[in-house]
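> This is the structure alone, sequence omitted:
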């Protein structure tokens, strides 16, 4: 609205949620303490917009709301967002930095470990290794992790290693019986057998060395000569 003129003039606030908001019918709105805007819709839950009109989040039934029909929004003194719906009232901590991943995200088995790289997010479970390319994530859409390997049951730990002569770090992970090299969503090399590989720890002085903790321990040394070469020094008879 232009307040300098005697007659108010309203200008459209274009956002990248325009189609979603038109389809799901805006009913109410509330400014948040962080200056973002929460918009309640009749069919699509709550849309959180940045000051520039970018979608920050969509909170609907898939995120745990009892209903997608939002009739009122209110922010309390603790910065919680309250939503009045056709099926009750919900209290939402919109300032929380946490994202919950569970069976709704197609994760099979109890979670043992997780790791985030610049491009990927990985989860290790009793049933295998799962991951997702973060660049494919769409705000407001459910996070569905893809199975990378069902052979690597009990995926227990991740760590980075930087082989000598290499300018790039690489990602290792351990499972119940082996340590492997992982590149994005592909296992590119099986480095060694362990039983089981409980933990991986990079040497604090030499980033080309990683220690494996299992029943005993072992050391992995790495060097890059046209490709990464890994040398394993065992320290236990239960090691190949």
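The structure has been received and is ready for your questions. What you are looking at is a predicted structure, and each value in this text was computed from that prediction instead of being measured. Residues are numbered from 1 along each chain as shown.

> Report the residue ranges of every domain in the chain.
By the assignment in automatic domain parsing, the chain contains the domains 18-92, 103-233.

> Around residue 117, how many other residues sit close by?
By other CB atoms under 10 Å, 15 other residues sit near residue 117. For every residue, glycine as well, the C-beta is placed using N, CA and C.

> Please name the spatially closest residue to it (chain neighbours excluded).
The shortest distance from residue 117 to any non-neighbouring residue, by CB to CB, 6 or more residues apart in numbering, is to residue 171 (6.5 Å).

> what number of residues lie near the one you found?
18.

> Comparing the domains of the chain by mean pLDDT, which bottoms out?
Sorting those by mean pLDDT places domain 103-233 lowest, at a mean of 85.

> picking that back up, just to check, the residue nearest to residue 117 is in contact with residue 157?
No: counting by CB atoms under 8 Å, residue 171 sits too far from residue 157 to count as a contact (11.2 Å).

> list the contacts for the nearest residue to residue 150 once chain neighbours are set aside?
Leaving aside its sequence neighbours, residue 150 sits nearest to residue 128 (CB to CB, 6+ apart; 4.2 Å). Residue 128 makes contact with 108-109, 147-153, 155, according to CB atoms under 8 Å, 6 or more residues apart in numbering.

> By neighbours, which of these wins?
Neighbour max across these (other CB under 10 Å) = residue 155, 29 neighbours.

> could you check the distance from it over to residue 113?
6 Å (CB to CB, to the nearest Å).

> shared neighbours of the two, anything?
Common neighbours of residue 155 and residue 113 (CB under 8 Å, 6+ apart) are 124, 173.

> Skipping its backbone neighbours, what lies nearest residue 163 in space?
Closest to residue 163 by CB to CB, 6+ apart is residue 222, at 3.7 Å.

> With residue 84 instead?
In space, not counting the residues next to it along the chain, residue 84 is nearest to residue 72; the distance is 3.8 Å by CB to CB, 6+ apart.

> Give me the neighbour count for the one you found.
Using other CB under 10 Å: residue 72 sits among 13 other residues.
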